[in-house]
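Peer 1: Sequence unavailable; structure follows:
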C-alpha cells in the first residue's frame with residue numbers, strides 16, 4: 001500500500017484528526033520552509049497549498065496548509081477543521097476579507113475567495129474533495145455544523 005493511501009486512511013481516525021489539528025501550525029512552518037516539498041500530507045501525493053489570509057481581528061497575515069482540489073486559476077478548499085465543532089479561523093478571515101494568496105509548489109499568486117453556497121456546486125466540490133481525501137466524509141459526520149467550501153479564483 002502506498003504511503004499516500006496510508007495517510008488517506010489515517011485521516012479517518014479520530015485520534016489522527018485530533019493530532020493533525022494540533023500539529024497543523026508545525027506542518028505549515030515545515031511546508032513553507034521546504035517550499036511545498038514536505039508536509040504531513042503533501043509530500044505523500046496529496047495536493048496541498050499554503051493559504052495566506054488577513055486576520056479579521058488582527059489585520060495580520062495568517063498562513064495555513066490545506067488540501068485543495070482544482071487546478072490553475074480555480075482551486076477549492078474545505079473548511080473542515082478536522083470535524084471539530086467550530087469553523088477554522090482562516091474561513092472567517094476569508095468571509096471578512098476574500099482577498100488572499102495561495103502558494104502551490106513554490107509558486108504564489110493572489111486569489112479572491114468565494115463561499116460556495118449553491119447545493120449543486122457544493123455537491124460537485126464535495127465529491128472532488130472526498131475523492132482526494134476520504135476523511136472529509138468523517139469530518140462532515142462529526143462536525144455539528146455545515147462545513148464551508150471555498151472557491152479560490154486567481155486575480
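Peer 2: Structure received. Predicted, not measured: the structure shown is a model, and the values here were computed from it.
Peer 1: give me the element the residue most central in space within the chain is part of.
Peer 2: Nearest residue to the geometric centre of the chain (CA atoms, centre = their mean): residue 66, 2.9 Å. In the assignment (DSSP states H and E), residue 66 maps to strand 61-67.
Peer 1: and that strand, how far from the chain's centre?
Peer 2: 8 Å (CA atoms, centre = their mean, to the nearest Å).
Peer 1: Who does that strand pair with, and is each partner parallel or antiparallel?
Peer 2: strand 48-54 (antiparallel) (DSSP bridges).
Peer 1: Check the offset of the partner strand from the chain's centre.
Peer 2: Relative to the chain's own centre, strand 48-54 is displaced by 8 Å; criterion: CA atoms, centre = their mean.
Peer 1: sorry, back to before: contact partners of the helix or strand following the strand holding residue 66?
Peer 2: Using DSSP H and E, the next helix or strand after strand 61-67 towards the C-terminus is strand 69-71. With contact meaning CB atoms under 8 Å, 6 or more residues apart in numbering, strand 69-71 is reached by 47, 75-77, 125, 128-129, 132, 151-152. The way it works is simple: take the backbone N, C-alpha and C, and place the C-beta from them, glycine included.
Peer 1: Give me the buried stretch members for stretch 141-151, please.
Peer 2: Neighbour-count burial for stretch 141-151 flags 143, 147-151 (criterion: 16 or more other CB atoms under 10 Å).
Peer 1: Provide the secondary structure category for residue 46.
Peer 2: coil (DSSP: H, G, I helix; E, B strand; the rest coil).
Peer 1: quick one: it and residue 112, what's the gap?
Peer 2: 25 Å (CB to CB, to the nearest Å).
Peer 1: who touches whatever helix or strand residue 109 lives in?
Peer 2: Using DSSP H and E, the element containing residue 109 is strand 107-115. The contact list for strand 107-115, computed with CB under 8 Å, 6+ apart, reads 50, 75, 94-95, 98-102, 148-155.
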